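Undergrad: Sharing a model that was predicted from the sequence below.
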Amino acid sequence: MADTKNYAYEPVCTGNGALIHGTHRMEQGQLWRQYLIAAVASIAVASTGYSMGWTSPVNSKLNNTSESPLPEPITPNEAAWIGSLVTVGAIFGPFLGGYAASKIGRRWGLLSSTLPLFAGWAMVLLAKSVGLLYAARVAWGLGVGMIFTISPMYCAEIATDEARGALGSFLQLFITFGFLLVYGIGPFISYSAIAYIGIIFVAAFAAAFYFMPETPTYLLTINDREGAAKSLACIRGKSIQGVEAELSIIADGVAAAQAKTASIADVFRGANFKAFYISCALVFFQQFSGINAVLFYMTDIFKAAGSSMDPAISTIIIGIVQMIASGITPMVADRLGRRMLLLVSSCGTAIGLALLGTYFLLAAQQSPLAGSLGFLPVASLVLFIVTYCWGLGPLPWAVMSELLPVEVKAAASPLATAFCWVLGFLITRYFSTISIALGTHFAFWLFGVFCIGSFFFTLLVVPETKGKSFSEIQDILAGRPTKPEKV
């Protein structure tokens, strides 16, 4: 009889995490499975990028009565509220997401996030007044907040230690795809066509993700070890016997977390608080890099700068650059490490913003140099976007999912995510006000100062989490000697 000790049946996922046995193969696992599952989960993130970037091509349509569903053009104040209200909804979405993730699971929690997204697109199609557009943006924000809370959690819980950085970077990669799609087609299709594509986008995610497994971590929290074993075998591409050692480590971590029965107060104690304030600081620097102001008002920025390039084309170029740059991060996050990428990102964004602010100052002073530097807004934004996508964009979410221990994650993640979107609201709502009062150049220089602050915070405070298990990371935060786990 042939020796079969190194062989196992190849597991294939079904919608409920069950297994279908097929042909024999080596018990080595299939790394591509966790990437595929995380990619399907991240389609939801892409749909949020599409809805968040909606303002860039649509603002001009809302000022043209022949293209707008509204009876009259919107005012600058109304445009500012339309741009910023998605962040208001996103403030409350994390709490819905955190509750859903803990009560009905990561999988069903992500699927439930489609409800406010669908509602928002329906209101956009039915809008006859600016008030309904406000409501649509708030609904989208609820979905965004839910997805930004659950998606990093889901990806972190299905990933191996070696792939966790790459999967954590999927959020930035996929959200930029959503931005690029709306930037690329929005200026050239009708207002209603943009909405129909948004609906198709959300529906595609729901249909595909329905067949993905629940995370083993969540199944263990509800004492379904058999289901957790099937889920992990499905994700790893191994037999149930082949994942037993890894499952035992996950189960020990879940059991220890449940034994602690952490409350919100525990978030602010010891190593938990260190993880929490580092997470909040990173999302603070992410938002105060000015990214949302740049993305929401990109077309307007090019118009205000007087660039010789068509604003719609400039926006598409930036979207393509953003997509390409975001695709690099998953490939290097687990090689170069989180700290190195954050340091490079902070430097690059600061330089890009300094150059952008300088151009706007020259333009405001009607300097002859501004006319010969029409390329500078695009070049500066390319530098800003590329370096942002390497670090400040994806890594705060990836690091947050790594630093926060399981027992406080359900309480701490929504708080940190809501904090992020409070900052996002303040920036998107008052960016234009500050630009008018103090000059656009001042606003960009101010963002650049915060990027410099991000560099020094990362250098002095943020720990490296590359290749480390969750228990090793907690040892680092607590100042204990680390004991690597072997599977």
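TA: It's in. Residues are numbered from 1 along each chain as shown.
Undergrad: drop to CA atoms for contacts and neighbour counts, all remaining ones
TA: Fine.
Undergrad: Tell me, how many residues neighbour the residue nearest to residue 342 when sequence neighbours are not counted?
TA: Closest residue to residue 342 apart from its sequence neighbours, by CA to CA, 6 or more residues apart in numbering: residue 391 at 4.6 Å. Neighbour count for residue 391, taken as other CA atoms under 10 Å: 27.
Undergrad: can you tell me how far residue 391 sits from residue 150?
TA: According to CA to CA, to the nearest Å, residue 391 stands 20 Å off from residue 150.
Undergrad: and what of residue 460?
TA: Here the criterion is CA to CA. By it, residue 460 lies 29 Å from residue 150.
Undergrad: before we move on, what about residue 70?
TA: 35 Å.
Undergrad: quick one: which of these two has more around it?
TA: Neighbours per residue (other CA under 10 Å) separate residue 70 from residue 150, with residue 150 holding more: 30 against 18.
Undergrad: Doesn't that one belong to a helix?
TA: Yes - counting by DSSP: H, G, I helix; E, B strand; the rest coil, residue 150 is part of a helix.
Undergrad: Was I right to think it contacts residue 104?
TA: No - under the criterion of CA atoms under 8 Å, residue 150 is not in contact with residue 104, lying 11.7 Å apart.
Undergrad: Moving C-terminal from the helix or strand residue 351 falls within, which element do we reach first?
TA: Residue 351 belongs to helix 338-364 when elements are defined using DSSP states H and E. Scanning the chain past helix 338-364 towards its C-terminal end, the next helix or strand to appear is helix 368-372 (assignment: DSSP H and E).
Undergrad: what comes up buried for the next helix or strand after that next one?
TA: Sequence-wise, the next helix or strand downstream of helix 368-372 (DSSP H and E) is helix 376-390. Of the residues in helix 376-390, 376-390 count as buried by neighbour count, 16 or more other CA atoms under 10 Å.
Undergrad: where's the dip in pLDDT among those residues?
TA: Per-residue confidence over the buried residues of helix 376-390 reaches its minimum at residue 378, where pLDDT is 76.
Undergrad: Model confidence at the residue nearest to that residue when sequence neighbours are not counted, what's the number?
TA: For residue 378, the nearest residue in space outside its immediate sequence neighbours is residue 314; the separation is 6.8 Å by CA to CA, 6+ apart. Here the pLDDT value assigned to residue 314 is 71.
Undergrad: hang on, residue 314 is in a helix, isn't it?
TA: Yes - going by three-state DSSP, the assignment for residue 314 places it inside a helix.
Undergrad: Quick check: it vs residue 34, distance?
TA: Residue 314 is 35 Å from residue 34, where distance means CA to CA.
Undergrad: and if you look at residue 192?
TA: Distance from residue 192 to residue 34, counting by CA to CA: 36 Å.
Undergrad: between these two, which one's more packed in?
TA: Between residue 192 and residue 34, counted using other CA under 10 Å, residue 34 has the larger neighbour count: 22 against 16.
Undergrad: Find me the pLDDT at the more buried one, would you?
TA: The pLDDT attached to residue 34 in the predicted structure is 93.
Undergrad: what about the nearest residue to it once chain neighbours are set aside, helix or strand, and which?
TA: Setting aside the residues directly before and after it, residue 34 is nearest to residue 235 in space (CA to CA, 6+ apart), at 5.6 Å. Counting by DSSP H and E, the secondary-structure element that holds residue 235 is helix 225-236.
Undergrad: list the buried ones in the helix or strand harbouring residue 281?
TA: Assignment of secondary structure by DSSP H and E places residue 281 within helix 270-287. By 16+ other CA under 10 Å, the buried positions in helix 270-287 come out as 271-287.
Undergrad: still on that earlier bit, cross-check the contact I'm expecting between the residue nearest to residue 378 and residue 376.
TA: No - because the distance of 11.6 Å does not satisfy CA under 8 Å, residue 314 is recorded as not touching residue 376.
Undergrad: what's near enough to touch residue 113?
TA: Residue 113 makes contact with 97, 142, 143, 144, 146, 147, according to CA atoms under 8 Å, 6 or more residues apart in numbering.
Undergrad: now it: how far from residue 55?
TA: The spacing between residue 113 and residue 55, counted by CA to CA, is 21 Å.
Undergrad: Now do the helix holding residue 281: distance to the chain's middle.
TA: 16 Å (CA atoms, centre = their mean, to the nearest Å).
Undergrad: now for it, which elements pack on it?
TA: Secondary structure elements in contact with helix 270-287, counted by 3 or more CA pairs under 8 Å, 6 or more residues apart in numbering; DSSP states H and E, are helix 395-403, helix 406-438, helix 440-460, helix 470-478.
Undergrad: Could you rerun that using 10 Å?
TA: When contacts are defined as 3 or more CA pairs under 10 Å, 6 or more residues apart in numbering; DSSP states H and E, helix 270-287 packs onto helix 338-364, helix 395-403, helix 406-438, helix 440-460, helix 470-478.
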